[in-house]
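Novice: Build me a model from this:
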Amino acid sequence: MMGYLLLLALVMGVSLYSISKLGRVRDVTHSVILEDNALLDLNKSLAGSFLAEMQNENKFITLRDQAFYDGFLKAWRDFDKYLAQAKALANSQELAALIERIGTLHIGYQTLFDDEAAFRRTGTPYTASRYRMMKANTASAVTEALQTMHALVQKTIIGKVMRLNEAVVQAGNFTMTVTASSLVLGILISFLITRSITVPLDRIAKKTAEIGSGVYGPDLDLRSLSEINALARAFNLMSAKLQNVDKMKSDFYSLMSHELRTPLTSIKEGTNLFLEGHGGPVTEKQKWLLTIVAEESNRLIQLVNSLMDLSKLEAGMMAYNFTKAELPSLVTTAAGEVLPLAEAKKIRIGMDIDDVPPVTLDTERVLQVLRNLIGNALKFTPAGGEVSISVRRREGGVGVSVTDTGQGIPKEHQAVIFDKYRQATLAGTKKIPGTGLGLAIAKHIIQDHGGVVWVESEEGRGSTFTFVLPF
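Specialist: Below you'll find the model as predicted:
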């Protein structure tokens with residue numbers, strides 16, 4: 001509102017300035033038309049009347065005809081009338097003084113004519129040459145004064161036109177300057193208004209993505225418009241409630257895992273004792289049922305262990321024992337552990353290991369990651385396929401890639417494959433057994449080591465899971 005009011009004030013200022021300049025143009029134009037042009041016309045009329053006076057005066061002196069005397073009087077009255085009008089329109093002291101001098105000279109010329117006319121009527125002798133010379137000098141002075149008056153009026157007109165042109169140029173420059181300033185200011189105000197909205201919204205969008213990935217703090221601090229601040233407060237409240245819900249969920253999983261682990265271990269050990277015959281003779285059917293119970297107990301124990309690990313990882317409470325170790329030896333160990341499963345499915349495991357430097361890591365946790373990635377590769381590779389494991393030096397660290405020849409992961413699932421409880425569903429295959437926690441745990445472990453993990457896959461051409469640990 002303040003910005004647009006400022007723009008409106010600038011526009012109104014330009015309008016008022018333009019109106020004032022237009023008023024000045026109008027006044028000057030009226031002055032030129034109604035005063036200066038009228039003075040030029042009167043100057044022309046004065047010159048014509050004075051010329052008529054001189055002509056009638058010469059003829060009367062020569063011919064002594066009363067008609068010429070009457071003509072002189074008429075021209076004299078016209079001259080006086082025009083002179084009175086010129087006095088009324090005089091717009092400067094210089095012009096008024098000049099008109100007054102023209103009137104005085106005209107009276108002197110008339111006086112000379114009246115004296116000579118009286119001598120002519122009465123026949124009184126006089127020096128005619130002296131009067132002719134005096135009248136000629138006076139007429140020359142009147143004519144020169146009329147010419148000066150004409151030049152002075154024209155000079156006044158030129159001065160007014162020049163001032164008018166300066167006013168127009170100033171008004172144009174001022175209008176252009178203010179218009180350009182208004183344009184720049186308008187763009188700047190629009191940019192600031194847009195930025196005051198988009199920047200907080202961008203921060204809210206990034207914070208939303210962080211919350212989606214499980215990072216809830218710190219709170220948003222947006223120093224922006226009141227509406228955006230209200231949105232930020234509501235967003236922070238939502239984030240706090242989600243954080244509480246997530247903590248309650250983690251606490252529940254941790255408690256549940258801890259409470260289930262002991263009875264499940266007891267069930268497993270009791271089942272093994274029965275299978276070993278410590279509880280008495282066991283029939284084949286009982287062995288079959290007890291074997292199923294033992295397998296399911298193992299699966300539940302693995303699930304509970306995964307839940308406990310994930311809870312510790314998310315809470316930042318996982319204890320690591322970092323040492324310098326060789327990644328190739330860990331890869332060989334993990335591959336050797338799953339070799340029986342690979343042989344059972346007739347899957348060939350190939351390894352391509354370069355000479356790489358040791359890295360700082362927790363051997364047990366990195367082995368957990370390798371077991372998960374290689375185990376997943378075997379799980380999703382059909383019989384007769386191949387799993388390739390490579391260890392290579394990468395920029396800033398050592399990278400391990402596990403490639404399978406399975407059906408690949410659909411593009412829409414690749415973005416969430418590392419989220420907990422998420423598994424890719426492959427077309428034409430039944431659901432693969434699992435908890436959906438392995439990749440989430442692997443991602444947390446690699447990130448806690450300062451590394452990165454990602455997947456590259458194309459449907460029908462298998463998948464490649466890669467992680468890089470820094471030196």
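Novice: Select the helix or strand of the chain having the lowest average pLDDT value.
Specialist: One helix or strand of the chain scores below all others by mean pLDDT, DSSP states H and E: helix 226-275, with a mean of 75.
Novice: Could you list every helix and strand that it packs against?
Specialist: helix 128-212, helix 284-315 (3 or more CB pairs under 8 Å, 6 or more residues apart in numbering; DSSP states H and E). The way it works is simple: take the backbone N, C-alpha and C, and place the C-beta from them, glycine included.
Novice: Could you save the ones you listed as JSON lines and add columns showing mean pLDDT, distance to F60 and mean neighbour count?
Specialist: Below are these laid out as JSON lines (pLDDT from 0 to 100; distance: least, CB to CB, whole Å; neighbours: other CB atoms under 10 Å):
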{"stretch": "helix 128-212", "mean pLDDT": "86", "distance to F60": "12", "mean neighbour count": "14"}
{"stretch": "helix 284-315", "mean pLDDT": "77", "distance to F60": "130", "mean neighbour count": "16"}
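Novice: Tell me where the stretch 1-150 of the chain has helices.
Specialist: 2-31, 37-63, 66-89, 93-122, 128-212 (DSSP state H, counting those that start in this stretch).
Novice: Using JSON lines, lay out these together with distance to E364.
Specialist: Converted to JSON lines, the helices of the stretch 1-150 of the chain look like this (distance: least, CB to CB, whole Å):
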{"stretch": "helix 2-31", "distance to E364": "62"}
{"stretch": "helix 37-63", "distance to E364": "109"}
{"stretch": "helix 66-89", "distance to E364": "113"}
{"stretch": "helix 93-122", "distance to E364": "111"}
{"stretch": "helix 128-212", "distance to E364": "30"}
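Novice: closest one to K241 among those?
Specialist: helix 128-212 (11.0 Å; CB to CB).
Novice: same for that closest one, what does it pack against?
Specialist: helix 2-31, helix 37-63, helix 93-122, helix 226-275.
Novice: which one of these lies closest to M162?
Specialist: helix 2-31 (10.3 Å).
Novice: what is the orientation angle of the closest one with helix 128-212?
Specialist: 170 degrees (axes from the mean of the first three to the mean of the last three CA atoms, to 10 degrees).
Novice: who does helix 2-31 touch, helix- and strand-wise?
Specialist: Packed next to helix 2-31, using 3+ CB pairs under 8 Å, 6+ apart, are helix 128-212.
Novice: Report the angle between the helix it packs on and helix 226-275.
Specialist: Using the same axes, to 10 degrees: helix 128-212 against helix 226-275 is 20 degrees.
Novice: Can you give the distance of helix 128-212 from its chain's centre?
Specialist: 34 Å (CA atoms, centre = their mean, to the nearest Å).
Novice: Nearest the middle, which residue of this protein would you pick?
Specialist: In the chain, the residue lying closest to the centroid (CA atoms, centre = their mean) is F191, at 4.3 Å.
Novice: quick one, which of the helices and strands packed on helix 128-212 is packed in tightest?
Specialist: helix 37-63 (a mean of 18; mean count of other CB atoms under 10 Å).
Novice: Relative to K346, how far out is K59?
Specialist: Distance, K59 to K346, using CB to CB, to the nearest Å: 147 Å.
Novice: hey, C-alpha coordinates of stretch 15-29 in CSV?
Specialist: Provided in CSV are the C-alpha atoms of stretch 15-29 (Å, rounded to 0.1, in the frame of the first residue of the first chain):
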residue,chain,number,x,y,z
SER,A,15,0.1,15.8,-13.4
LEU,A,16,0.0,18.9,-11.2
TYR,A,17,3.3,20.1,-12.5
SER,A,18,2.1,19.5,-16.1
ILE,A,19,-1.1,21.4,-15.4
SER,A,20,0.9,24.4,-13.9
LYS,A,21,3.2,24.4,-17.0
LEU,A,22,0.2,24.2,-19.3
GLY,A,23,-1.4,27.2,-17.4
ARG,A,24,1.9,29.1,-17.9
VAL,A,25,1.9,28.3,-21.6
ARG,A,26,-1.7,29.4,-21.8
ASP,A,27,-1.0,32.7,-20.1
VAL,A,28,2.0,33.4,-22.3
THR,A,29,0.1,32.5,-25.4
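Novice: Need the residues that contact that stretch.
Specialist: K160, R163, L164, A167, V168, Q170, A171, F174, T175 (CB atoms under 8 Å, 6 or more residues apart in numbering).
Novice: hmm, 7 Å instead?
Specialist: K160, R163, L164, A167, V168, A171, F174, T175 (CB atoms under 7 Å, 6 or more residues apart in numbering).
Novice: cool, and stretch 112-123?
Specialist: Against stretch 112-123 from outside (CB under 7 Å, 6+ apart): E57, F60, I61, R64, Y69, F72, Y126, Y131, M134, K135, T138.
Novice: re the thing from before, how much space separates the residue nearest to the centre of the chain from L185?
Specialist: In terms of CB to CB, F191 sits 11 Å off from L185.
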